[in-house]
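Novice: With the sequence up front, the predicted model follows.
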Amino acid sequence: MTPPLFEVHGLRKSFPDGGGLLRRRELEVLKDVSFSIGEHEILGMVGESGSGKSTVGKSILKLMDSQSDAMRFRGHDLNTRTKGQLKALRKDMQMIFQDPNSSLDPRRRVRDSLSEPLDTHGLATGPAREPRLLELLDLVGLHPAYLDRYPHQMSGGQKQRVGIARALAVDPSFIVADEAVSALDVSIQAQILNLISRIRDKVGISMLFISHDLSVVRFISDRIIVLYMGRVMEVGVADDVFFDPAHPYSRSLVAAEPTLGKARQETVRLTGEMPSLRNPPSGCPFRTRCPFALPACGEAVPELRRRPDNRHVACIRDDI
């Protein structure tokens, strides 16, 4: 089998609690998160706000400190790389941010924003620069005239296209898209999702696509990983997770869908709010909201087990 492009094992992340010096402690945001992403694969990551999705994306790109048992990109151990070595690898690992209004400098033209990553990595210098900039605009479906526009002269969808072009400027093989369409109108979301699909087919990138919207994740992804309170609840083929979810939390996400969910998962509804990280429940983190919870669910954190249908589920029950 072809080795995965990106491997993450036992990813953990804690933040200090802001409760004062005498009560200072660490809040666990990510707890033993493991997954892999294959060549040319889009892995979707879905979960409620506060589940740790964005923290995963920033951690694997080394934009924030974290701990892990292993983190490998093309066989390179990212945990042992120096800052200089990470800079060289970062050319192959880029990010598309959620809000194009904050990710683009309002004082810089599109030309300048696209040139910055090229300058950082010494690419497309001299006479090769202009053709490369035009190629990037064409790749994301923008007219050459946009090179000399400022962000305030573009719509939200157009600005996000520029953000995608900037991520692609250095020819990465892996991209983290962190809620890349959540700030856009629904009609524009569909255009950007179709654009990402076409780009994946054309240039062969791999991607971690992060979103709170399960239907969006299902549309764009090959596989889906479901995250809750910093733990992996389910991993499987996108259509399997969407049309036949195995974990009760995955079922509740499907039930929350405004159309299909009501017909398919009427009995699995999310009640209450996600527990506080300051006082997490014992055992399964979802048990306080789960309609299928048993007393045993509070005794130990369920392992992520492989099932006969080749999906992985963190639940002690096989009868639901």
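Specialist: Sure, I can see it.

Novice: Residue 173: neighbour count?
Specialist: Other residues lying near residue 173 total 18 when counted by other CB atoms under 10 Å. Bear in mind the C-beta positions are built from the backbone N, C-alpha and C, glycine included.

Novice: Compute the number of surrounding residues for the closest residue to it other than its chain neighbours.
Specialist: The spatial neighbour of residue 173 that comes closest, neighbours along the chain excluded (CB to CB, 6 or more residues apart in numbering), is residue 92 at 4.9 Å. Neighbourhood size, residue 92 [other CB under 10 Å]: 17.

Novice: After the lowest-mean-pLDDT helix or strand in the chain, heading C-terminal, what element do we hit next?
Specialist: Within the chain, no helix or strand scores below helix 260-264, which has a mean of 46 by mean pLDDT, DSSP states H and E. Downstream of helix 260-264, the first helix or strand assigned by DSSP states H and E is strand 305-306.

Novice: who's in contact with that following strand?
Specialist: Here strand 305-306 makes contact (CB atoms under 8 Å, 6 or more residues apart in numbering) with 312, 313, 314.

Novice: Try it again at 6 Å.
Specialist: residue 312 (CB atoms under 6 Å, 6 or more residues apart in numbering).

Novice: I'd like the distance between the residue nearest to residue 173 and residue 172.
Specialist: 5 Å (CB to CB, to the nearest Å).

Novice: tally of neighbours for the nearest residue to residue 271 once chain neighbours are set aside?
Specialist: Closest residue in space to residue 271, ignoring its immediate chain neighbours: residue 289 at 5.7 Å, by CB to CB, 6+ apart. Residue 289 has 19 neighbouring residues, counting by other CB under 10 Å.

Novice: what does residue 42 give?
Specialist: Residue 42 has 23 nearby residues by other CB under 10 Å.

Novice: What's opposite it in the beta bridge?
Specialist: residue 207 (DSSP bridges).

Novice: and it, what does it touch?
Specialist: Neighbours of residue 42 in contact, by CB under 6 Å, 6+ apart: 207, 209, 220, 221, 222.

Novice: So residue 16 versus residue 227, what's the distance?
Specialist: The gap separating residue 16 from residue 227 is 22 Å, by CB to CB.

Novice: the more surrounded of these two?
Specialist: residue 227 (23 against 9).

Novice: Sweet, I'm off.
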